[in-house]
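Peer 1: make a model of this:
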Amino acid sequence: MDTPSLDFASLGLRGDLLSTLTSLGYEEPTPIQAASIPLLIAGNDMLGQAATGTGKTAAFALPILERLEPGERGKEPGALVLVPTRELALQVSQAFHSYGRAIGVRLVAIYGGAPARQQIEALRRGVDVVIATPGRALDLCNRGSLRLGNVRTVVLDEADEMLEMGFIEDIETILAMTPAARQTVLFSATMPKRIDKLASKHLRHPERVAIAAPASQSNDVPRVRQAAFVVKRFDKPAAVMRILDAEDPTAAIIFCRTRGEVDDLAQALSARGYQAEALHGGLTQDQRDRVMGRLRSRATDLLVATDVAARGLDVDHLSHVVNYDLPSSPEIYVHRIGRVGRAGREGVALSLVEPRERRMLSAIEKLIGTNIPIEKVPSIADVRTLRLERTREAIEELLDDPEQQARLEAYQDVVAELLDERDPETALLAAFALVHAGTGGDIEDDDRELSAPLDNGTRPAKEGKGAKRGDGPKGAGPAAGKTRLWISVGRKAGVTPGDIVGAITGEAGIKGKDVGPVKVQEFFTLVDVPEAKARKIVKALNHCTIRGRKAKVKLDQG
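Peer 2: The predicted structure is shown next:
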């Protein structure tokens, strides 16, 4: 379906939602949003075909929020969104929260693998929207905790995936508990006969919207080396540092999803010794100009940015683009990596892919018309070897450069004197060590293997030098020489890993590279620190505040 170019204001959304979309950096609707939003606001049932990454979450979330009654709303949900996986439930819940914050939307994500008590408590307090996996939704319906008698809209998101996973009976049972007069919306990437059968049974005269996958744009993708690293979310900071250590970019842009993530990663990279700058919508124009000036003058190696902030950015000497977070659509991926490999120069595009993101990776590959090879995150041994090789190459370049010979001759007398007094091989080793230290030297880090498999149908990573795996806090135990601390503040207090690292480095005088991994839980945080300095850190942090909260810190016993 061809959709004319529109803005969100023309789709029938009210002012408070439009203001929120503007603050989030949304400028114009995607084709699936432009086609779906007016239909759903009007109350139509709809059968939509759209691939992952086309913006379909906003296509159904915004109409649901638009139709929420202002003022006091009842305790039972008015909308139910069924999704196949816990991860998608959390993603959709986060999207609803972002879009609906100005209208105070009440929502809860319901999924298995987590205690039901908190989910039941949220339902008891009252919610507007429930985002749920079918199994847990049916369980809470049977307990009487989830009541669907007032549901006005039901969305079946990624319906083909839910049918593939065997949820059809649960879905049928849940739909039977909702009012017959409800609005029903079904989204699916594919349209097998089972989807048509489900739609014909439960949708009333549905509008059909099909957004064709974009034609392959492989010619638009610059000739760059592309690779992906499958990494658990908690391991991404450590993984991106190893990758950068191994790649040694001339200059790179690292794309993150949120402002907070940009700030946290830029701080962590700076603590590692990189010249890293943050660029996001929270900066003033003067601050943005200063950051870009430092990047263009090569005073900064790395720019950590959001997509919105990086619009229009063009820097000649960029060698790498790193997708710390995969973009929200395949087209944005093509736009991101188009910043390197221009005018015949070589470029590199690297992506950190979470195990659950296999469908987005496939969508990107389909758009660019080629597979993106999956590689293993370099081990610490790999990084050390590469750094030593780079030091050797730097020395050989100096020796082979005729223009440098005169400069070297200026040191001839002092070197000759040194060689008379010292063993030549030992003197050369010492000189090499000094040069190596000047180029960054060796790194101190635990050598956990960070690569993970893709969920459902993994492609094996290319083999590399690995080490014994450990998942950090609440996975394997701390690395050798480290111990684990328990801190009494967590996500509920707005704490981020950057807050914890900043508190430890600021209050206890510990280097940032010696702190971590950090695992922020709902009500507490776990962090690994050098065993020899643990008691000093405990003492220092017990006298400070983190995010305005006085923290209690102790050695973790768990």
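Peer 1: how near is Leu186 to Gly113?
Peer 2: For Leu186, the distance to Gly113 equals 25 Å [Cβ to Cβ, to the nearest Å]. Quick note: C-beta positions are derived from backbone N, CA and C, even for glycine.
Peer 1: pick out whichever of the two has more residues nearby.
Peer 2: Between Leu186 and Gly113, counted using other Cβ atoms under 10 Å, Leu186 has the larger neighbour count: 25 against 7.
Peer 1: surely that one forms part of a strand?
Peer 2: Yes - secondary structure of Leu186 (DSSP: H, G, I helix; E, B strand; the rest coil): part of a strand.
Peer 1: just give the nearest non-adjacent residue to it, would you?
Peer 2: Using Cβ to Cβ, 6 or more residues apart in numbering and skipping the chain neighbours, the partner closest in space to Leu186 is Leu156 (4.6 Å).
Peer 1: partner residues bridging that neighbour?
Peer 2: Leu82, Leu186 (DSSP bridges).
Peer 1: do the same with Val108
Peer 2: Val130.
Peer 1: relative to Tyr99, how far out is it?
Peer 2: In terms of Cβ to Cβ, Val108 sits 16 Å off from Tyr99.
Peer 1: also Leu244?
Peer 2: Relative to Tyr99, Leu244 is positioned 34 Å away (Cβ to Cβ).
Peer 1: what's the one helix or strand Val527 maps to packed up against?
Peer 2: Per DSSP states H and E: Val527 is located in strand 525-530. Secondary-structure packing of strand 525-530 (3 or more Cβ pairs under 8 Å, 6 or more residues apart in numbering; DSSP states H and E): strand 482-487, helix 497-508, strand 518-520.
Peer 1: so what touches the longest one?
Peer 2: Pointing back at helix 497-508 there. Applying Cβ atoms under 8 Å, 6 or more residues apart in numbering, the contact partners of helix 497-508 are 237, 263-264, 267-268, 271, 487, 510-512, 515-516, 518, 520, 525, 527, 529, 533, 536-537, 540-541, 543-544, 546-547, 551.
Peer 1: and if you look at stretch 114-131?
Peer 2: Residues outside stretch 114-131 that contact it (Cβ under 8 Å, 6+ apart): 64, 68, 73-81, 83, 86, 89, 92-93, 96, 100, 105-110, 136-137, 139-140, 143, 145-146.
Peer 1: C-alpha coordinates for it, CSV please?
Peer 2: Provided in CSV are the C-alpha atoms of stretch 114-131 (Å, rounded to 0.1, in the frame of the first residue of the first chain):
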residue,chain,number,x,y,z
ALA,A,114,9.0,-14.1,37.0
PRO,A,115,7.1,-14.1,40.3
ALA,A,116,3.4,-13.6,39.7
ARG,A,117,2.9,-11.7,43.0
GLN,A,118,4.1,-8.3,41.7
GLN,A,119,2.1,-8.7,38.5
ILE,A,120,-1.0,-9.5,40.6
GLU,A,121,-0.5,-6.5,42.9
ALA,A,122,-0.2,-4.2,39.8
LEU,A,123,-3.5,-5.6,38.5
ARG,A,124,-5.1,-5.1,41.9
ARG,A,125,-4.1,-1.5,42.0
GLY,A,126,-5.7,-0.9,38.6
VAL,A,127,-4.2,-0.8,35.0
ASP,A,128,-5.2,0.6,31.6
VAL,A,129,-3.1,-1.7,29.4
VAL,A,130,-1.9,-5.3,30.0
ILE,A,131,0.9,-6.6,27.8
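Peer 1: and it, average pLDDT?
Peer 2: Here stretch 114-131 scores 93 as its mean pLDDT.
Peer 1: list the buried ones in it?
Peer 2: Neighbour counts using 16 or more other Cβ atoms under 10 Å place 116, 119-120, 122-123, 127-131 of stretch 114-131 among the buried residues.
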